[in-house]
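Trainee: the following comprises the amino acid sequence and a computationally predicted model.
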Amino acid sequence: MNVLVVYAHPEPGSLTGALKDVAVEQLRADGHEVRIADLYAMGWKSQADAEDFGAVGESNFMLASGEAYRNGTLSADIRAEQEKLLWADTVLLHFPLWWFSMPAIMKGWVDRVLTCGFAYGAGGDAIPRYGAGVLAGRRAMLVVSVGGKEPSYSDRGINGPIEDLLFPIQHGILYYPGMDVLPPFVVHGTIRVDDERFGEIADDLRRRMAELEKLEPIRYRPQSGGDYDRSLRLEHGRETPGSTGFGLHAAH
């Protein structure tokens, strides 16, 4: 299996960095081919702008990215990352939860790499989405370090359920262009982690990596599966009993 690890943390000696190393070591020990996109080490440019496109005639920013993709004029760093995505069978995003989301450098990777024409389309040339598209058939998973303790990220927790915080990433970024999304590996209470607890976390992550090919993805509803009306609202009666909010979009 080809695995692309997209990693975002400025300190290699951080918990996030150590967990990335644990995952990569286990994957390679199991015979998988692994490539790592270490965004800080790469000096990844975070902001998407017209410099990404080369010479294009389209003034609309989104459509300009699609024109550049079709014409082969996207900047070399973007094209290299798109090639990695096409090479990969599985994509792992390793990052700490900062301000309830991924670090800006990783969001910049998403903004610049998942261009129009590659990961999504617009107008009459729309690429199928939510369960279909260029990246369909690939699997994706988040490995997330969270400073706060688990109860504060629960249904009654002050920070909100961790499932809701990760939904825009898992459903809106990974599932949208067609990838099957595996349940995330979330580590809570990471402000202080002693050697004993790190050993336990590392063992859990090794087991998760060893089971990566067998894990069942989250059963998000595909856009073309008949559950949504023409305005892309879930049809009445399709919901799983008791589900609300983001949970409506997963079939249990």
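Mentor: Everything's here; your move.
Trainee: need the three-state assignment for the residue nearest the centre of the chain.
Mentor: The centroid of the chain falls nearest to residue 174 when counting by CA atoms, centre = their mean (4.8 Å). Secondary structure, DSSP: H, G, I helix; E, B strand; the rest coil: residue 174 is helix.
Trainee: and it, what does it touch?
Mentor: 91, 93, 140, 181 (CB atoms under 8 Å, 6 or more residues apart in numbering). C-beta: built from backbone N, CA, C; applies to glycine.
Trainee: so where's the stretch 101-250 of the chain shaky on pLDDT?
Mentor: Counting by pLDDT under 70, the stretch 101-250 of the chain shows low-confidence ranges at 122-127.
Trainee: now do 50
Mentor: 123-124 (pLDDT under 50).
Trainee: which stretches of the stretch 1-150 of the chain form helices?
Mentor: Using DSSP state H, counting those that start in this stretch, the helices of the stretch 1-150 of the chain run over 15-29, 39-42, 61-71, 76-87, 104-113.
Trainee: now the second one: buried residues?
Mentor: To tie it back to what came earlier, the one meant is helix 39-42. Buried residues in helix 39-42, defined by neighbour count with 16 or more other CB atoms under 10 Å: 39, 40.
Trainee: now swap in stretch 91-105 and tell me
Mentor: Across stretch 91-105, burial judged by 16+ other CB under 10 Å covers 91, 92, 93, 94, 95, 96, 97, 102, 103, 105.
Trainee: and for it, what's in contact with it?
Mentor: 3-9, 14-16, 19-20, 23, 39-40, 44, 46, 85, 106-107, 110, 138-147, 159, 165, 168-169, 174, 179, 190.
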